[in-house]
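Chemist: quick one: sequence and predicted model below, then my questions.
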Amino acid sequence: MNNFDDATHMFRKSILITKKISGGDHPVVARKMSHMSSLLALQTLYREAIAGYVTAINIFEQSLGHHSAETLTAKGELGMIMLSAGNEEEGLGMIEEAVAVLRFCGGYDDSATMLKLRKYLLEHSKTNNNSSSSSGSSVVVSNSKRFVYSCVCLLDDDNFS
């Protein structure tokens, strides 16, 4: 066993114990599942990581609501993992949903996650360069590129400086 395997095994045990103590729909269970899913993503076990985040998000939404910081954080992180797994459309959709709720609510109290999301979006925008069309200076920009740009602009707002 390596360190990742040991850590994943400990997370699984911890989740089982927490489910027995607090119930399967408790936010602490979801929090531990999202942490374990992040660990799985680091190992490029994206399918398992995505499944864990989806379960965690469902628990967060049921127990804390759709607009809670925990729910938005998990949705943003799931979106980033989906992008890493090559699922750009769904990943950007998840991030777009989290940013839309953020914008609707007028604020967000987890600046570290938002800074991480902003950094990822900036990196994503650099790797998906605009492609110039043959008709002079006009630039063809994909929907995802426009979305990334709008997210970066939103995250550049005074709330996140």
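Modeler: That came in fine, so what should we check first?

Chemist: so who does the closest residue to residue 24 other than its chain neighbours touch?
Modeler: Leaving aside its sequence neighbours, residue 24 sits nearest to residue 59 (C-beta to C-beta, 6 or more residues apart in numbering; 7.8 Å). C-beta: built from backbone N, CA, C; applies to glycine. Applying C-beta atoms under 8 Å, 6 or more residues apart in numbering, one finds that residue 59 lies in contact with 24-27, 29-30, 33.

Chemist: would you show me how to pick out the buried ones of those in PyMOL?
Modeler: This is the PyMOL syntax for the buried subset of those, where burial follows 16 or more other C-beta atoms under 10 Å:
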select buried, resi 27+29+30+33
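
Chemist: so which of the contacts of residue 59 sit within helices?
Modeler: 27, 29-30, 33 (DSSP state H).

Chemist: quick one: the helices in the protein?
Modeler: Under DSSP H, the chain gives helices at 3-22, 27-42, 46-64, 69-84, 88-105, 111-127, 143-155.

Chemist: just send those back as TSV, with mean pLDDT too.
Modeler: Below are the helices of the chain laid out as TSV (pLDDT from 0 to 100):
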stretch	mean pLDDT
helix 3-22	90
helix 27-42	93
helix 46-64	95
helix 69-84	87
helix 88-105	77
helix 111-127	59
helix 143-155	51
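
Chemist: most tightly packed of those helices?
Modeler: Of all the helices of the chain, helix 69-84 has the most neighbours on average by mean count of other C-beta atoms under 10 Å, namely a mean of 23.

Chemist: give me the helices and strands touching that helix, please.
Modeler: helix 27-42, helix 46-64, helix 88-105, helix 111-127 (3 or more C-beta pairs under 8 Å, 6 or more residues apart in numbering; DSSP states H and E).

Chemist: how much space separates the residue nearest to residue 24 from residue 43?
Modeler: 23 Å (C-beta to C-beta, to the nearest Å).

Chemist: try residue 71
Modeler: For residue 71, the distance to residue 43 (C-beta to C-beta) stands at 25 Å.

Chemist: about what we covered before: JSON lines for the contacts of residue 59, including distance to residue 5?
Modeler: Formatted as JSON lines, the contacts of residue 59 follow (distance: C-beta to C-beta, whole Å):
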{"residue": "24", "distance to residue 5": "24"}
{"residue": "25", "distance to residue 5": "28"}
{"residue": "26", "distance to residue 5": "26"}
{"residue": "27", "distance to residue 5": "27"}
{"residue": "29", "distance to residue 5": "22"}
{"residue": "30", "distance to residue 5": "23"}
{"residue": "33", "distance to residue 5": "18"}
